[in-house]
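# Kindly generate the corresponding structure for this input.
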Amino acid sequence: MPKLIHAMIRVVDLDRSKAFYEQGFGLVESHRLDFSTFALVYLREPESGFEIELTLNKGHTEPYTHGSAYGHMAFCVQDLDAQRVQLQKLGCVTGDIKELAGATGGARFFFVTDPDGYKIEVLQRQGHYV
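Numbers count the residues shown, from 1 in each chain. Modelled structure (predicted):
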């Protein structure tokens, strides 16, 4: 059976993006590859082992466009309110907490944007999102 291992995003400031995911979501650097024209940093989520691959194209200084195909990444957390406060303390602008009712318990969530403009949905661990 195939195993999903990582998703790659391009970043402009590697240190800033790495700090966002480490401090905001507890990801841990697991591997780093440095080449003459680009660098790859893998940040692992300890519970699932899934990684976000941060790709820095050296010399690229303009923000990347995400086009109309990119939607968002998602994290589920034990305490949604505390996670929102933690991200705000890091200087992040978070959206309002929203709630959707449904047969499987619905969802409670908010959105935040990372330093490179990628949207992230943060969900309360409940129902489908455990």
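
# The lowest-mean-pLDDT helix or strand in the chain - which strands sit beside it in the sheet, and in what orientation?
Within the chain, no helix or strand scores below strand 98-100, which has a mean of 93 by mean pLDDT, DSSP states H and E. The sheet places strand 98-100 alongside strand 107-113 (antiparallel), with pairing taken from DSSP bridges.

# Show me what counts as buried in the strand it pairs with.
A107, R108, F109, F110, F111, V112 (16 or more other Cβ atoms under 10 Å). For every residue, glycine as well, the C-beta is placed using N, CA and C.

# okay but the third one is in contact with D96, surely?
No: in terms of Cβ atoms under 8 Å, F109 does not count as a neighbour of D96; the distance is 10.0 Å.

# Domain-wise, how is the protein divided?
Here the chain is described, according to automatic domain parsing, as comprising the domains 1-59, 71-130.

# could these go into CSV alongside distance to T65?
CSV is the format used below for the domains of the chain (distance: least, Cβ to Cβ, whole Å):
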stretch, distance to T65
domain 1-59, 10
domain 71-130, 9
